[in-house]
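Peer 1: When you get a sec, could you give me coordinates for this:
(4 chains)
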Protein chains: 2
Amino acid sequence: MRAQLAQVAFELFCREGFDKVTLDDLAAAAGVSRSTFLRYFGTKEDAVLGAFDGHDRRVADALRARPADEDEWTALRHALDTVIERYHQDPAAALATTRLVRETPALCARHLEKQHRWRPALAEALAERSGSAEAPTLGQSVRAAAALDCLYVALDHWLASEGRLDLVGLLDDAFAALAPR
Amino acid sequence: MRAQLAQVAFELFCREGFDKVTLDDLAAAAGVSRSTFLRYFGTKEDAVLGAFDGHDRRVADALRARPADEDEWTALRHALDTVIERYHQDPAAALATTRLVRETPALCARHLEKQHRWRPALAEALAERSGSAEAPTLGQSVRAAAALDCLYVALDHWLASEGRLDLVGLLDDAFAALAPR
DNA sequence: CCAGAAATGAAACTGAGTGTCACACTAGTA
DNA sequence: TACTAGTGTGACACTCAGTTTCATTTCTGG
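Peer 2: As a prediction, this is how the structure comes out:
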């Protein structure tokens, strides 16, 4: 049900533009009431961004699963493969979603906000990996944040190339541009 | 005028909580109409975050002013002194503002959005510095973004310490945690 | 003093998000 | 079969942010 609503909403957003579509339009197009739609997605944006829910935990888990002797930067790079996977499975859909999000200020902002919440999760995973302390160090927080930036910038370039460039390569390049010594 | 409105708004937000204060409250407290308030600040959030307007250009200019032979990471670090300055001039006010912003989801999100827009500006400044190309390279974009993360994380720790830790030192540590080789 | 520009205020309007209540449609139980 | 509790749904009223329009005041230069 949730998935169906999201699908209808996505198509409508792409066709009409996110801002032109009202909650009433969405509800009508999906054949449910406004109330119901809002019960599934707390906000209009969530109808699109709900797809990213749980990614933070998945990446953090992937990070914890990396060998303990791997350096943090490399571990972070590999943990992000969890996210990249999605873009390999259905590149066309991923491209369309990414484009919609980046082209719509409201969606872009919310997505940024959501992705920003991954940082503490990743930093904590790094802290656990390093064993010693409970709280992440400043360095671990910074590296977690930087890794997410790499993902963001890589996606930027991938989007600009209409999906023609290799996302894995772009991400590798981004990480290389910042490899800590 | 703008400054006075912002001041009134800030005090009200601190006392009552950002979400509890409506536009009507603000207008009444400032002795102007709702319309006028909204003409000065397009949104409630801007009454607080307007203080950060123009920072992007200032930092970018500072970056362009760095010696051409300085490596990008060092230049970025020094360019951020432009921002840090504000926190040295009036630490108490800066602490209060930062706390309000970080404690209020809506403000935090908008601030993130605003700060995010600094990235292209910094990346372009890096591109100009490097002379050759017009558009920033992927690496330059990543480093610009990472530098902003360093600022963010350093402020996080500074805030957690109630302003007792040295912000310059924290920022140096953050940059050191990510120094490219 | 006056004409035009700029700032202000009033009010109606759209649309997002919240909260409440009532109604249906189940599924388990006696 | 009748009862009941849980769950999904719709209808509706409400608050509030932000936009737009228009009238009115206040400044400012001539």
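
Peer 1: Below-threshold pLDDT in chain A: ranges please.
Peer 2: Residue ranges of chain A with pLDDT under 70: A:180-181.

Peer 1: what's the domain layout of it?
Peer 2: Following automatic domain parsing, chain A resolves into domains at A:2-47, A:54-176.

Peer 1: any residue of the longest one up close to DNA strand D?
Peer 2: Translated: domain A:54-176. No. Under the criterion of CB under 7 Å from any atom of the strand, domain A:54-176 makes no contact with DNA strand D; the nearest approach is 11.1 Å. For the C-beta atoms, the positions are set from N, CA and C on the backbone; glycine is no exception.

Peer 1: Show the end-to-end separation of that domain, please.
Peer 2: 27 Å (CA to CA, to the nearest Å).

Peer 1: re the thing from before, deepest of the domains of chain A, which one?
Peer 2: Using mean count of other CB atoms under 10 Å in any protein chain shown, the stretch among the domains of chain A with the greatest mean number of neighbours is domain A:54-176 (a mean of 18).

Peer 1: now check it, is it near chain B?
Peer 2: Yes. Residues of domain A:54-176 contacting chain B under CB under 8 Å from any CB of the partner chain: A:108-110, A:112-113, A:116, A:137-143, A:145-146, A:149-150, A:152-154, A:156-157, A:170, A:173-174, A:176.

Peer 1: Show the backbone phi and psi for the closest residue to A:Pro91 other than its chain neighbours.
Peer 2: Distances taken as CB to CB, 6 or more residues apart in numbering or on different chains put A:Gly163 closest to A:Pro91, at 5.6 Å, once the chain neighbours are dropped. Phi and psi for A:Gly163, reported as degrees, to the nearest 10, are phi 80, psi 10.

Peer 1: Let me see the contact set for the residue in chain A positioned nearest to DNA strand D.
Peer 2: Chain A approaches DNA strand D most closely through A:Thr36 (3.1 Å), counting by CB to the nearest atom of the strand. Neighbour list for A:Thr36: A:Ala27 [criterion: CB atoms under 8 Å, 6 or more residues apart in numbering or on different chains].

Peer 1: A:Phe13 too?
Peer 2: By CB under 8 Å, 6+ apart, A:Phe13 lies in contact with A:21, A:47-48, A:100, A:104.

Peer 1: helix or strand right after the host helix or strand of it?
Peer 2: For A:Phe13, the element it lies in under DSSP states H and E is helix A:2-16. Beyond helix A:2-16 on the C-terminal side, the first helix or strand identified by DSSP H and E is helix A:23-30.

Peer 1: now for that next one, which elements pack on it?
Peer 2: helix A:2-16, helix A:34-40, helix A:44-49 (3 or more CB pairs under 8 Å, 6 or more residues apart in numbering or on different chains; DSSP states H and E).

Peer 1: how about the helices in chain A?
Peer 2: Here chain A has its helices, by DSSP state H, at A:2-16, A:23-30, A:34-40, A:44-49, A:55-65, A:72-79, A:81-89, A:91-103, A:105-116, A:118-130, A:138-160, A:167-176.

Peer 1: Nearest to B:Thr43, out of those?
Peer 2: Closest to B:Thr43 of these is helix A:105-116 (CB to CB; 12.1 Å).

Peer 1: CA atoms of that closest one as PDB?
Peer 2: Output of helix A:105-116 as PDB, limited to C-alpha atoms (Å, rounded to 0.1, in the frame of the first residue of the first chain):
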ATOM      1  CA  PRO A 105      14.500  22.700  -3.300                       C
ATOM      2  CA  ALA A 106      12.000  21.300  -0.700                       C
ATOM      3  CA  LEU A 107      13.000  17.700  -1.400                       C
ATOM      4  CA  CYS A 108      16.700  18.600  -1.600                       C
ATOM      5  CA  ALA A 109      16.500  20.200   1.800                       C
ATOM      6  CA  ARG A 110      14.700  17.400   3.400                       C
ATOM      7  CA  HIS A 111      17.000  14.900   1.900                       C
ATOM      8  CA  LEU A 112      20.000  16.800   3.200                       C
ATOM      9  CA  GLU A 113      18.400  16.800   6.600                       C
ATOM     10  CA  LYS A 114      17.800  13.100   6.500                       C
ATOM     11  CA  GLN A 115      21.300  12.200   5.200                       C
ATOM     12  CA  HIS A 116      22.700  14.500   7.900                       C
END
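
Peer 1: Contacts for it, please.
Peer 2: Contacts with helix A:105-116, where a contact means CB under 8 Å, 6+ apart, come from A:18-19, A:43-46, A:48-49, A:52, A:100-102, A:148, A:152, B:108-110, B:112-113, B:116.

Peer 1: Repeat that for stretch A:164-180.
Peer 2: The contact list for stretch A:164-180, computed with CB under 8 Å, 6+ apart, reads A:72-73, A:76-77, A:80, A:84, A:87-88, A:143, A:146-147, A:149-151, A:153-155, A:157-158, B:138-140, B:142-143, B:146, B:177-181.

Peer 1: how about 7 Å then?
Peer 2: A:73, A:77, A:80, A:84, A:87, A:143, A:146, A:150-151, A:153-154, A:157-158, B:138-139, B:142-143, B:146, B:177-181 (CB atoms under 7 Å, 6 or more residues apart in numbering or on different chains).

Peer 1: next one: it to chain centre, how far?
Peer 2: 17 Å (CA atoms, centre = their mean, to the nearest Å).

Peer 1: try stretch A:157-173
Peer 2: On the basis of CA atoms, centre = their mean, the separation between the geometric centre of stretch A:157-173 and that of its chain is 15 Å.
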